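Asker: Take this sequence and fold it.
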Amino acid sequence: MYNEFDDIILKTLQEDAPFGDITTEVTVPKDAFASGVFRAKESGILCGIDIAERTFELVGGEVSLIKHKTDGDCIEKGDIIAEISGNAASILMGERTALNLMQRASGIATATRKAMDAVEGTQARITDTRKTMPGLRKLDKYAVRTAGAVNHRFSLSDGILIKDNHIAAAGGIAPAVRAAKRKAPHTLKIEVEVESIDELREALEAGADIIMLDNMSCGLMRESVKITAGRAVLEASGNMGERDLAEVAATGVDLISIGGLTHSVKALDISLKFDLNKL
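Answerer: As a prediction, this is how the structure comes out:
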């Protein structure tokens, strides 16, 4: 049965072994059996264990996985995430793809949970951006959701976000919003990026549904919240991964978007080791 991550897994497997696994083919008997464990080498939030399992299903060769942890679980250094057993060649063929995808997803989930912890107790929600790894957007955004945060738009096709270059090309905020309201389906909300209080007022007057406060100080964000008075959703953006998120959330903004969750992710260290006593 088709899995939503099959395309990513198959492309990654093809990239890793376009003409087979030469090392395994010349060193390991075709019927060799192996078993081992996936183990956390650092603490974090697990994401991608089901994707790892699906990887071995697509490789084939009668490989089974016994999962000790599930996506979204907190894992500690040394924890066994899953046990694996089956045809050694099949496990070796899928090992790097399974680890790469699970480590990346877990790194994103871990960073996302850390950001969420920083704003706990406020109304602010953490969201991602389109700054994802090309070809891996579905995986990256799944990892953000696994940690409990929310996704921003998935693509240019499913949301209107009028940014600085759109504003420049359209001749200003008001003309851009008017054009969007005239041409876009009534079901789509309109978001506008602003950099100053004057631009905020213009976006509000034009009828923007969501306003992105780009690289504003906390003082300006607080003023923006007061001026907006609930007339639009306010999103704080711009190097938020380097800011004090608790301070940003305390301004009263509704969303904090962080590109660094996906474009600057540090993979969570997870290993797969064979049990020498069961080879």
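
Asker: roughly how far apart are the spatially most distant residue from the centre of the chain and residue 37?
Answerer: Distance from the C-alpha centroid of the chain peaks at residue 29, with 39.0 Å (Cα atoms, centre = their mean). Distance, residue 29 to residue 37, by Cβ to Cβ, to the nearest Å: 22 Å. All C-beta atoms are positioned from the backbone trio N, CA, C, and that covers glycine.

Asker: Now do the same for stretch 156-173: mean pLDDT, whole number.
Answerer: Regarding stretch 156-173, the rounded mean pLDDT is 95.

Asker: May I see the buried residues of it?
Answerer: Neighbour-count burial for stretch 156-173, with 16 or more other Cβ atoms under 10 Å as criterion, is recorded at 160-162, 166-167, 170, 173.

Asker: which SSE is the nearest residue to residue 270 once chain neighbours are set aside in?
Answerer: Among residues not flanking residue 270 along the chain, residue 103 sits closest, at 5.3 Å (Cβ to Cβ, 6 or more residues apart in numbering). Of the helices and strands defined by DSSP states H and E, residue 103 is found in helix 88-118.

Asker: continuing past that helix, what's the next helix or strand?
Answerer: Later in the chain than helix 88-118, the nearest helix or strand by DSSP H and E is strand 125-127.

Asker: Now do the same for the helix or strand just after that following strand: mean pLDDT, whole number.
Answerer: Later in the chain than strand 125-127, the nearest helix or strand by DSSP H and E is helix 137-146. Here helix 137-146 scores 98 as its mean pLDDT.

Asker: what residues does helix 137-146 touch?
Answerer: 4-5, 8, 45, 47-48, 51, 71-72, 101, 104-109, 112, 127-128, 130, 132-133, 150-151, 154-155, 261-262, 265 (Cβ atoms under 8 Å, 6 or more residues apart in numbering).

Asker: Got a ChimeraX select line for the buried ones in these?
Answerer: In ChimeraX syntax, the buried subset of the contacts of helix 137-146 is picked out as below (16+ other Cβ under 10 Å):
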select :5,8,45,47,48,51,71,101,104,105,106,107,108,109,112,127,128,130,132,261,262,265
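
Asker: buried set for stretch 28-36?
Answerer: Buried residues in stretch 28-36 (16+ other Cβ under 10 Å): 28, 34-36.

Asker: Next up, the contacts around the residue nearest to residue 270.
Answerer: Residues near residue 103 by Cβ under 8 Å, 6+ apart: 48, 267-270.

Asker: 6 Å instead?
Answerer: 267-268, 270 (Cβ atoms under 6 Å, 6 or more residues apart in numbering).

Asker: Using the three-state scheme, assign the residue farthest from the centre of the chain.
Answerer: Under the three-state scheme (DSSP: H, G, I helix; E, B strand; the rest coil), residue 29 adopts coil.

Asker: what does the one helix or strand residue 165 maps to contact?
Answerer: Per DSSP H and E: residue 165 is located in helix 164-170. The contact list for helix 164-170 (Cβ under 6 Å, 6+ apart) reads 173, 176.

Asker: so how far is it from its chain's centroid?
Answerer: Centre-to-centre, helix 164-170 and its host chain are 28 Å apart (Cα atoms, centre = their mean, to the nearest Å).

Asker: And stretch 74-87, by the same measure?
Answerer: Taking Cα atoms, centre = their mean, one finds stretch 74-87 lying 22 Å from the centre of the chain it belongs to.
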